[in-house]
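Q: Sequence and predicted structure, then a few things I'm wondering about:
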Amino acid sequence: MSANAGPWSGRRLHFIGVGGAGMSGYARAAHALGAQVSGSDASWSPYLERLAADGVLQASVGHAAENVPGGADVEVVYSSAVPAENLERRAARERGIPERPRAELLAELTALRRTIAVAGTHGKTTTASMLVHALRGAGLQPGWLVGGAVGGELANAEWGEGEWLVVEADESDRSMLSLSAEIALLTNVELDHHSTYGSLAELRTAFAEFLAGAPSAVIWDRPELLELRSGAVTAYDLDGVTLTPGGSSFTWRGHHVRLEVPGAHNALNALGALEAARLAGAEDDGAIAGVAGFHGAGRRFQLLGESPRGAILYDDYAHHPTEIAATLAAARTFAHRRLVAIFQPHLYSRTQLLAREFGLALAAADVIAVLDVYPARERAEDHPGVSGLRIAEAAADSAAGRPVYWLPTFADAEPVLGGLLGEGDIALVMGAGDVDQLGRRLVVR
């Protein structure tokens, strides 16, 4: 328990959207600090199951006004995916209960600890998870708030006993600008969240503001990234990497580092994590041992199992063309007969603007299957004519005759993929929606 826990012990916080990776983490932290927590989400999720199993809270599935606790001391915290017309937010307003965006609570939490904030368009969750393992390997007992389970049977969040807190800094809703960070780590910058940022220049301005708020920064050694920082900076880059099936090795500050996660992109993530750990006072050998024992974050090249006919399936959160390309390249390091990409687009706006780029990235696979869009917070009627078919067509244009399947629903996809996947195949189920559920249906239980 933190020495700063006192003011939290009398608080009552109700989290709307608590089944998400971020919000469930904030609920864990508030509970650890002594607050009374409750919450709800539109549907069941593994995060809800684990919150209940760990005694944090029993969430309500489905939104209803009666989910909001009574009493004058209640505060409602809502995720960026929860609109103002949500039944519980409306009930809170009618009863005079304060409504707070998640960014406000995150700002409070990061003010309690020395914070390392990991930002970037790609690699945040994996890099932050590696950093947690590096700090733990060095005996620093960090806390963390990360957008996925950090691996090693650890949850997506823990308050910890040490002085450091590792936080995934999210640019999608600008909540990264609310953080109190002592060390900022920036992995990369690409335009992605098109409903939030109208241009790459606008996004770069936001990242520059994020970096300006931290006394120290660790940044991938690229001129377009380094120019976003004015002040102390540690630049990092790979100087040679040996890729092996399921892992890699490289040299960092004279030390040999061996990883058990595949791909050059993960070697780069590890470098950033090691540099940030070093700034936080972690001893090199312990930090290296920590990342060497990292076997992957939740939904990041996560092994699902084997199909009835012998294909090996992995689940990955990749939902941007750059991420898909990196994930497929990592998969190529494994022995395989065919590499099969199964992709569920996430958001209509992203699909509309990046369909061609998605097609080019997916064309690196031997067989491609595209599902329809997972809408998340968007509505189909606001994006007429946009569907996953655009990406399937773009993939077919780039695939040089390799097979491309348009399988809009799980009901369409399951029988086709069940018959298609066979011994020697590696299949990657990719997307930020619920496509992992399809992956689990395709493996032997």
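A: Perfect, thanks for sending it.
Q: which residues in the stretch 251-400 of the chain form helices?
A: 264-279, 284-292, 321-331, 348-362, 389-398 (DSSP state H, counting those that start in this stretch).
Q: which one of the ones you listed has the most crowded surroundings?
A: Mean neighbour count (mean count of other CB atoms under 10 Å) peaks for helix 264-279 among the helices of the stretch 251-400 of the chain, with a mean of 25. (C-beta placed from N, C-alpha, C; glycine too.)
Q: Show me how far it is from its chain's centre.
A: 17 Å (CA atoms, centre = their mean, to the nearest Å).
Q: returning to that earlier point: which one, of the helices of the stretch 251-400 of the chain, ends up nearest to residue 175?
A: Of all the helices of the stretch 251-400 of the chain, helix 348-362 sits nearest to residue 175, with 18.8 Å by CB to CB.
Q: ok, and the closest non-adjacent residue to residue 139?
A: residue 286 (6.2 Å; CB to CB, 6 or more residues apart in numbering).
Q: can you tell me which residues contact the one you found?
A: 134, 137, 138, 139 (CB atoms under 8 Å, 6 or more residues apart in numbering).
Q: can you redo the helices of the stretch 251-400 of the chain as TSV with distance to residue 184 and mean pLDDT?
A: Shown next, in TSV, are the helices of the stretch 251-400 of the chain (distance: least, CB to CB, whole Å; pLDDT from 0 to 100):
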stretch	distance to residue 184	mean pLDDT
helix 264-279	9	98
helix 284-292	18	98
helix 321-331	21	97
helix 348-362	26	97
helix 389-398	34	98
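Q: Residue 84 is nearest to which of those?
A: Short answer: helix 348-362, nearest of the helices of the stretch 251-400 of the chain by CB to CB, at 19.8 Å.
Q: Mind telling me what element residue 166 is part of?
A: Per DSSP states H and E, residue 166 falls inside strand 164-168.
Q: Residues contacting that strand, please?
A: Residues contacting strand 164-168 (CB under 8 Å, 6+ apart): 22, 106, 109-110, 112-118, 124-125, 128, 131-132, 135, 140, 142-147, 179, 181, 280.
Q: so what strands line up beside the following helix or strand past that strand?
A: Using DSSP H and E, the helix or strand that directly follows strand 164-168 along the chain is strand 183-186. Partners of strand 183-186 in the sheet, by DSSP bridges, are strand 114-119 (parallel), strand 216-220 (parallel).
Q: Helix 264-279 and the shortest one, what's the angle between them?
A: Meaning strand 216-220. Interaxial angle, strand 216-220 versus helix 264-279 (axes from the mean of the first three to the mean of the last three CA atoms, to 10 degrees): 160 degrees.
Q: Pull strand 216-220 out as PDB, backbone CA atoms only.
A: What follows is strand 216-220, C-alpha atoms only, in PDB (Å, rounded to 0.1, in the frame of the first residue of the first chain):
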ATOM      1  CA  SER A 216      13.900  12.700 -19.100                       C
ATOM      2  CA  ALA A 217      13.100  11.000 -22.400                       C
ATOM      3  CA  VAL A 218      14.000   7.800 -24.200                       C
ATOM      4  CA  ILE A 219      13.300   7.900 -28.000                       C
ATOM      5  CA  TRP A 220      13.900   5.700 -30.900                       C
END
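Q: Would you mark the buried spots in the helix or strand that comes right after it?
A: Downstream of strand 216-220, the next assigned helix or strand under DSSP H and E is helix 223-226. Neighbour-count burial for helix 223-226, counted by 16 or more other CB atoms under 10 Å, picks out residue 225.
Q: Just the mean pLDDT for helix 223-226, thanks.
A: Taken as a whole, helix 223-226 carries a mean pLDDT of 98.
Q: Tell me how far that helix lies from the chain's centre.
A: With CA atoms, centre = their mean, you get 23 Å for helix 223-226.
Q: Tell me which residues touch residue 424, please.
A: Contacts for residue 424 (CB under 8 Å, 6+ apart) come out as 310, 311, 336, 337, 338.
Q: no wait, residue 162
A: Contacts of residue 162 (CB under 8 Å, 6+ apart): 135, 140, 141, 142, 143.
Q: Just the ones of these in helices?
A: residue 135 (DSSP state H).
Q: Among the contacts of residue 162, name the buried ones.
A: 135, 140, 142, 143.
Q: so residue 358 makes contact with residue 344?
A: No - look at residue 358 against residue 344 with CB atoms under 8 Å: they stay out of range, at 11.2 Å.
Q: How much space separates the nearest residue to residue 213 once chain neighbours are set aside from residue 406?
A: With CB to CB, 6+ apart as the criterion, residue 213 has its nearest non-adjacent residue at 6.3 Å, and that residue is residue 181. Going from residue 181 to residue 406 by CB to CB, to the nearest Å gives 44 Å.
Q: Check which residues of the helix or strand hosting residue 418 are buried.
A: If you go by DSSP H and E, residue 418 is part of helix 410-420. Buried residues in helix 410-420, counted by 16+ other CB under 10 Å: 410, 413, 417, 420.
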